[in-house]
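K.L.:
Below are the sequence and a predicted model for it; my questions follow.
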Amino acid sequence: MTTRAAHADIRRATGRTPRRRWSRALGLTANSALAWFVGVVFAFPLIWTFFTALKPSSEVFGQSIEFIGSEVLWSNFATAWAEVRFGRLLLNSLVVAVVSTVLTVLIATITGYAFSRLRFRGRNSLFVLFVITLTLPTEVAVIPLFLGFDAVGLTDTWTALILPGLFGAFGAFLLRQFMLQIPFELEEAARIDGASRWRILTGIIIPLVRPAMSVLAIFAFLGSWNGFLWPLIILNSAEKWTIPIGIAGFSTMTGTRWELLMAACVLTIIPVVILVVVAQRQLVAAIGAGAFGGR
Amino acid sequence: MSTSEALRGRRRRPLSGAGWVGWAFVLPGVVGLVVFVIAPMIASLALGFFNATLLGGTTFSGLENFTRMFRDQQFLTSLRVTTIFVLLYTPLNIALSFAMALWLRTRLAGRAGLRVLFLIPALSPMVANAAVFRLILQEDGAINSILALIGLGPVPWLSDGKWALTAIILVSLWQSFGYNMIILGAGLDSINPDVIAASRLDGAGTIRRLFSVTLPLTSPALFFSTVLTVIGAWQTFAQAYVITGGGPGNSTMTIMLYLYRSAFTFQELGYASAIAGVLFLIIAIFTLGQIWGQKRWVHYDY
């Protein structure tokens, strides 16, 4: 008997067969409506942000909840672009995030391959070291990192901004798990044909773990895009700032122009929303598997 | 060459031959991890025993930084504030995440859409989320306007210490629970439906089933998300930095924010490293304590 049929039997045996279809439909509707109501309440801050970004400055605060002001100022986005120097911030964040992503995935793939496929002395102890760092609070180490980059004269550079983020153990760990699932016979056959390890990695392994690599790429991109503490510490000059530093600076300024700040927030969150919606299936699977730790 | 050496050589060859290649592949990742993750962490612990400033030199100061910490009212306040934050935020986060994960498993239209919606803030820039809340938590902001509609408030979210810490906790929950919701949802998905069905046959009610079957069977995921949530909670920074700046009157001064101020506003890098060392120790104790305590409630074998 299939599991599904067995469950149907059990439901009948326990008297849980719904007698009337409409009560089921009513339950579904009520439950969905309630859940979506909670969803809308949850999304309210984001919705409010969007509408605030379109308001005239004098109408940001009001006695009651008004989504639309006396005018709808799409021009706020253009003003924010100029005043917060958003174009510059966006370009910086994009360059930093893309470089970080490419390098992170590259390093994690090579390291993951070594841990899953190659035998070398000390492999197991090294792997344990990697796993241990997964649970370490890495952010407490920002001061020596800063002093180290200061000693070699690299503070206020993108090199110093990008480098420390490239070597998180999560990526190598994730790709190792995926590579372990590839049958060894594939590799053996290529070995007999005289292919080098590098050829095997690029020709056989990488095409097979591409889904895992793209999930890692999304996380690396978001990690860089969202990063705050380290860029705040290492970057001085405004022309090198990433978006979060620009937003924090603009936000804590006295006499904040809220509608412009909110326009900048909308422009910052939208790429994330698009990425998360497009890749939701893979992201949910990876997070559910605990592939990227917690929040 | 003696026979035994020759034998040893032969026995080793397959391993050492592949060994070089293996090391070559693993080297960039290992060097990076050591240089940028492990060494700074060790250095951070060591630097606490020095007097270090940005421009001046570095001199050994023994335990001075640590004894100073326990006389430093601001540090003690930040320790208290962060402890309260962790102890309130973590259980609320896990309970909310678990409840929402359970709810999203009921018959529901648009389940995938809701799941993505709840996940979005967890993957968005914390700073942007914090800026949004800084706006709506203002005295004349949107949240107080809504509370006024049902006859409540106005709540002094950002001007009263207790409310400010409450606000930081609520914002952190809003931002992060979707992430744990996904982890716990996956834990629930992995439960063998036959076990649930069997407990039904045995006559277990909904509540009984939740506490005696579902919760124990989800305990590995609960453990995993609790450990990582606690680690993250101790390091809370951006929310306090953007929304309250640690105020009013240090009421939302998290350890990480005080560490940042000590190091980069007051240029006391040695003292800040000592704070980092204490924070590291606290997190290590909490993590090891949970790993030790898991025997009592986490079940891996079903």
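P.N.:
It's in. Please read these numbers as outputs of a predicted model, since none were measured by experiment.

K.L.:
ok, residue A:136 touching residue B:42?
P.N.:
No - the pair residue A:136 and residue B:42 does not pass the contact test of CB atoms under 8 Å, sitting 10.8 Å apart. (Glycine included, C-beta is placed from N, CA and C.)

K.L.:
These two: who's more crowded?
P.N.:
Comparing residue A:136 with residue B:42 by neighbour count (other CB atoms under 10 Å in any protein chain shown), the higher total belongs to residue A:136, at 18 against 12.

K.L.:
so where's the stretch 101-250 of chain A shaky on pLDDT?
P.N.:
Per-residue confidence of the stretch 101-250 of chain A (counting by pLDDT under 70) places no residue in a weak region.

K.L.:
all strands in it, in order from the N-terminus.
P.N.:
According to DSSP state E, counting those that start in this stretch, the stretch 101-250 of chain A carries no segments that qualify as strands.

K.L.:
Would you map the helices across it?
P.N.:
With helices called from DSSP state H, counting those that start in this stretch, the stretch 101-250 of chain A shows them at A:123-134, A:142-151, A:158-162, A:169-180, A:184-192, A:197-200, A:206-226, A:229-234, A:243-251.

K.L.:
before we move on, what about the stretch 101-250 of chain B?
P.N.:
B:111-123, B:126-136, B:142-149, B:161-189, B:193-201, B:206-209, B:215-234, B:238-239.

K.L.:
The fifth one vs helix B:215-234, what angle?
P.N.:
Which is helix B:193-201. Orientation note: helix B:193-201 sits at an angle of 120 degrees relative to helix B:215-234 (axes from the mean of the first three to the mean of the last three CA atoms, to 10 degrees).

K.L.:
Show me what helix B:193-201 is packed up against.
P.N.:
helix A:3-13, helix B:206-209 (3 or more CB pairs under 8 Å, 6 or more residues apart in numbering or on different chains; DSSP states H and E).

K.L.:
got it, and the last one?
P.N.:
Packed against helix B:238-239, as judged by 3+ CB pairs under 8 Å, 6+ apart, are the following elements: helix B:126-136, helix B:161-189.

K.L.:
give me the low-pLDDT residue ranges for the stretch 201-302 of chain B?
P.N.:
Residues of the stretch 201-302 of chain B meeting the criterion pLDDT under 70: B:301-302.

K.L.:
re the thing from before, lowest average confidence across the helices and strands packed on helix B:193-201, which one?
P.N.:
Mean pLDDT across those is lowest at helix A:3-13; the value there is a mean of 60.

K.L.:
what's the average pLDDT for the helix or strand following it?
P.N.:
For helix A:3-13, the succeeding helix or strand toward the C-terminus, using DSSP states H and E, is helix A:21-52. In this model, helix A:21-52 has an average pLDDT of 91.

K.L.:
Next, the angle helix B:126-136 makes with helix A:21-52.
P.N.:
90 degrees.

K.L.:
Helix A:21-52 packs against which elements?
P.N.:
In terms of contacts (3+ CB pairs under 8 Å, 6+ apart), helix A:21-52 is packed against helix A:258-278, helix B:111-123, helix B:126-136.

K.L.:
Kindly report the residues of the stretch 201-302 of chain B close to chain A.
P.N.:
Applying the criterion CB under 8 Å from any CB of the partner chain, the portion of the stretch 201-302 of chain B that neighbours chain A consists of B:201, B:221, B:224-225, B:227-229, B:231-232, B:234-235, B:237-238, B:241-242, B:245, B:256, B:259-260, B:263-264, B:269, B:272-273, B:276-277, B:279-280, B:283, B:287.

K.L.:
Give the buried subset of those residues as a PyMOL selection command.
P.N.:
Selecting just the buried residues from these in PyMOL takes one command, with 16 or more other CB atoms under 10 Å in any protein chain shown as the test:
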select buried, chain B and resi 221+224+225+227+228+229+231+232+234+235+237+238+241+242+256+259+260+263+264+269+272+273+276+277+279+280+283+287
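
K.L.:
And chain B, what are its domain boundaries?
P.N.:
By the assignment in automatic domain parsing, chain B contains the domains B:3-47, B:65-296.

K.L.:
Would you mark the buried spots in stretch A:29-40?
P.N.:
Of the residues in stretch A:29-40, those scored as buried under the neighbour-count criterion (16+ other CB under 10 Å) are A:32, A:35-36, A:39.

K.L.:
Kindly report the same for stretch B:239-259.
P.N.:
B:239-244, B:246, B:250-259.

K.L.:
Can you dump the C-alpha atoms of that stretch in CSV for me?
P.N.:
Listed next in CSV are the C-alpha coordinates belonging to stretch B:239-259 (Å, rounded to 0.1, in the frame of the first residue of the first chain):
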residue,chain,number,x,y,z
GLN,B,239,20.4,47.9,14.5
ALA,B,240,21.7,49.8,17.5
TYR,B,241,24.2,51.8,15.4
VAL,B,242,21.6,53.1,13.0
ILE,B,243,18.3,53.2,15.0
THR,B,244,19.4,54.4,18.4
GLY,B,245,23.1,55.0,18.3
GLY,B,246,23.2,53.1,21.6
GLY,B,247,20.9,55.6,23.3
PRO,B,248,19.1,57.0,25.0
GLY,B,249,21.6,57.0,27.8
ASN,B,250,23.3,53.7,26.7
SER,B,251,20.1,51.8,27.0
THR,B,252,20.7,50.1,23.7
MET,B,253,24.5,50.1,23.8
THR,B,254,25.3,46.5,22.6
ILE,B,255,28.7,45.1,23.4
MET,B,256,29.6,45.1,19.7
LEU,B,257,28.7,48.8,19.4
TYR,B,258,30.7,49.7,22.5
LEU,B,259,33.6,47.7,21.2
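
K.L.:
how far out from the middle of the chain is that stretch?
P.N.:
17 Å (CA atoms, centre = their mean, to the nearest Å).

K.L.:
picking up where we left off before, most packed of the domains of chain B?
P.N.:
Scoring the domains of chain B by mean neighbour count under mean count of other CB atoms under 10 Å in any protein chain shown gives domain B:65-296 as the most buried, with a mean of 19.

K.L.:
okay if I get the helices and strands packed on helix A:21-52 as CSV plus mean pLDDT and distance to residue A:60?
P.N.:
Putting those into CSV (pLDDT from 0 to 100; distance: least, CB to CB, whole Å) gives the following:
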stretch, mean pLDDT, distance to residue A:60
helix A:258-278, 91, 5
helix B:111-123, 94, 22
helix B:126-136, 92, 8
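
K.L.:
Switch the ones you listed over to JSON lines; also include distance to residue A:250.
P.N.:
JSON lines is the format used below for the helices and strands packed on helix A:21-52 (distance: least, CB to CB, whole Å):
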{"stretch": "helix A:258-278", "distance to residue A:250": "6"}
{"stretch": "helix B:111-123", "distance to residue A:250": "20"}
{"stretch": "helix B:126-136", "distance to residue A:250": "8"}
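
K.L.:
Can you check which of those helices gets nearest to residue A:57?
P.N.:
The minimum distance between residue A:57 and those falls on helix A:258-278, with 5.7 Å, by CB to CB.
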